[in-house]
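[1] need a structure here:
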Amino acid sequence: MLLENKVTLITGGASGIGRASAQLFAHEGAKVVVSDVNVEGGNETVQSISSTGGDAIFVKADVGLMADVQTLVQAGIDRYGRIDVVFSNACHYPMGTATELTEAQWDRSINVCLKATWMLAKHALPHMVEQGSGVFVITGSVHSLRGFSRYASYDPAKAGLLGMTRNLALDYAPHVRVNAVLPGPIVTGLWKDMTPDEIQQSADSVPLKRNGMPEDVAKVALFLASDLSSYVTGTEVVVDGGMISGIKFP
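    Presented below is the predicted three-dimensional model:
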């Protein structure tokens, strides 16, 4: 019960890392506000929590839009009276080089991956400051630390989240802790178009010789959200099976 009676808000909660984290947080005693643009998936996440005795609600929100983010945070406050943990986890990445991407694709990627976290902070942190405590967890990526070919908008967005993590941690200490989790190759619905050979190639490139699962990231998010990490703020934890530790020649 690491999050007993804590109110947690998780974006991107309809599937993948968001769903696994919502389920794990609820298992550890949290009340969960699940948010996504995918209504069906979000409701399925809530149902999976409710069916095991947990307490969760779904709020449809496009976190790339300020009005939706404000409504989302207020919905959590209206239902539960407080927000103890925010897990900013939504993402969007059109593939393409700098010359291939359109302005609309660039803007959407930056809005959902980077600006959304600032908007969540803008609306949620005042409540945390007022109540005297809170935790803010951000999903970055190994793309925060390394460049990947044809991710011309996603790489800058994820790199920017590291700067935001440090900035928020400084500005809102000592009452609010802010950290990032940086996933590597995690098998989610975003992999649906990959071939079995491509999935195996990914696993072979990782020192631990497997691709990660959403639950691998959820466990680290739980650590950062709970008092297990009570003396940790302004930093990041890489969850990539060792992928970016170095280049290994045959």
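
[2] which other residues reach the helix or strand containing residue 160?
    Residue 160 is part of helix 154-172, with elements assigned from DSSP states H and E. With Cβ atoms under 8 Å, 6 or more residues apart in numbering as the test, helix 154-172 has contacts from 91, 93-94, 109-110, 113-114, 117-118, 121, 125, 128-129, 134, 136, 138-141, 143-145, 147-148, 176-180, 233-236. Bear in mind the C-beta positions are built from the backbone N, C-alpha and C, glycine included.

[3] what's near enough to touch residue 147?
    residue 155.

[4] could you measure from it over to residue 244?
    In this view, residue 147 and residue 244 are 11 Å apart by Cβ to Cβ, to the nearest Å.

[5] and if you look at residue 188?
    The value you get for residue 188 to residue 244, if Cβ to Cβ is used, is 19 Å.

[6] quick one: which of the two has more around it?
    residue 188 (19 against 16; other Cβ atoms under 10 Å).

[7] so what's the more buried one up against?
    Here residue 188 is in contact with 15, 16, 17, 214 (criterion: Cβ under 8 Å, 6+ apart).

[8] which one (most neighbours) among those?
    residue 17 (27 neighbours).

[9] so where do the helices sit in the protein?
    16-27, 39-50, 66-80, 103-110, 116-131, 154-172, 196-204, 214-225 (DSSP state H).

[10] tabulate the contacts of residue 188 (JSON lines), appending distance to residue 229 and pLDDT.
    Below are these laid out as JSON lines (distance: Cβ to Cβ, whole Å; pLDDT from 0 to 100):
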{"residue": "15", "distance to residue 229": "25", "pLDDT": "97"}
{"residue": "16", "distance to residue 229": "22", "pLDDT": "97"}
{"residue": "17", "distance to residue 229": "18", "pLDDT": "98"}
{"residue": "214", "distance to residue 229": "20", "pLDDT": "98"}
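
[11] closest one of those residues to residue 224?
    residue 17 (12.9 Å; Cβ to Cβ).

[12] per-residue pLDDT of the residue nearest the centre of the chain, please?
    When Cα atoms, centre = their mean is applied to the chain, the residue found nearest the centroid is residue 89 (2.1 Å). On the pLDDT scale, residue 89 is placed at 98.

[13] show me the contacts for it.
    Contacts of residue 89 by Cβ under 8 Å, 6+ apart are 10, 11, 12, 13, 17, 18, 21, 139.

[14] hmm, which two among those residues are most spread apart?
    So, the contacts of residue 89 by Cβ to Cβ: farthest apart are 13 and 139, at 11.6 Å.

[15] more crowded one of these two?
    More neighbours surround residue 13 than the other of residue 13 and residue 139, with 32 against 26 (other Cβ under 10 Å).

[16] that one and residue 206, how far apart?
    26 Å.

[17] in the helix or strand of the chain with the lowest mean pLDDT, what's buried?
    Sorting the helices and strands of the chain by mean pLDDT, DSSP states H and E puts helix 196-204 at the bottom, at a mean of 92. The neighbour-count check on helix 196-204 (16 or more other Cβ atoms under 10 Å) flags residue 202 as buried.
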